[in-house]
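**Q** any chance you could fold what I've pasted below:
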Amino acid sequence: MGSHADFPPLVIRAHYSPRLALFAGVNHALASALVWALPLGIHGVALMLLVAASAGYVGYVHVLARAPWSIRSATWLVDGTWLLILASGRQLPAHLSASTFVSLPLVVLNFRCGWWYRRALPLFSDALDAGELRRLRQQLRIRTMDAISDRQPMR
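**A** Numbers count the residues shown, from 1 in each chain. You can find the predicted model right below:
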């Protein structure tokens, strides 16, 4: 099995994902229904405003990618680091976090950008073409296996 250095840089440019929009919409609608079903009184209104603010944030940042801090593209460089290009045009060096989630329909890339800042890039299977998503999952699997093989055995 080859290492990550054997592959050219992988550039990920996700486009609009109807699945992500549906997922976010359904989750926020269910949260709203739950808030109204609970006997919270006046606190329910405040909680409902928070759910609405969360829906707006997720729609603006992740679904539509219109916020200046939204990730427009991510490039996995040969040395294993990432270069994130934000909607504002700013370029951010980043490292992939261990909390990255990989499955067939969904990949969530979690990045660390310095000490305090974190970024996430949710990718449903309709946000990328099949070959690009397959290559990403393959390289993530290779990276994970390399990290496991580099560990010392437990004593």
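**Q** nearest the geometric middle of the chain, what residue?
**A** Leu121 (2.4 Å; CA atoms, centre = their mean).
**Q** now stretch 83-94: buried residues?
**A** Leu84, Ile85, Leu86, Leu92, Ala94 (16 or more other CB atoms under 10 Å). For every residue, glycine as well, the C-beta is placed using N, CA and C.
**Q** the last one contacts Thr81, doesn't it?
**A** Yes: counting by CB atoms under 8 Å, Ala94 sits close enough to Thr81 to count as a contact (7.1 Å).
**Q** now the strands for this structure?
**A** Assigned by DSSP state E, the strands in the chain fall at 10-12, 71-76, 82-86, 91-96, 101-102, 106-113, 117-124.
**Q** quick one: closest of those strands to Gly131.
**A** Gly131 sits nearest to strand 10-12 of all the strands of the chain, at 11.3 Å, using CB to CB.
**Q** partners of that closest one, with directions?
**A** Here strand 10-12 is paired, per DSSP bridges, with strand 71-76 (antiparallel).
**Q** distance from the partner strand to the middle of the chain?
**A** Distance, stretch centre to chain centre, for strand 71-76: 11 Å (CA atoms, centre = their mean, to the nearest Å).
**Q** in that strand, which residues are buried?
**A** So strand 71-76, judged by 16+ other CB under 10 Å, has buried residues Ile71, Ala74, Thr75, Trp76.
**Q** and the pLDDT at the second one?
**A** Per-residue pLDDT puts Ala74 at 97.
**Q** if you count neighbours, what's buried in stretch 51-69?
**A** Val51, Ala55, Val58, Gly59, Val61, His62, Val63, Ala65.
**Q** dump those residues to a markdown table, plus distance to Ser125 and pLDDT.
**A** A markdown table is the format used below for these (distance: CB to CB, whole Å; pLDDT from 0 to 100):
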| residue | distance to Ser125 | pLDDT |
| --- | --- | --- |
| Val51 | 27 | 98 |
| Ala55 | 23 | 98 |
| Val58 | 19 | 98 |
| Gly59 | 20 | 97 |
| Val61 | 20 | 97 |
| His62 | 16 | 96 |
| Val63 | 16 | 97 |
| Ala65 | 17 | 96 |
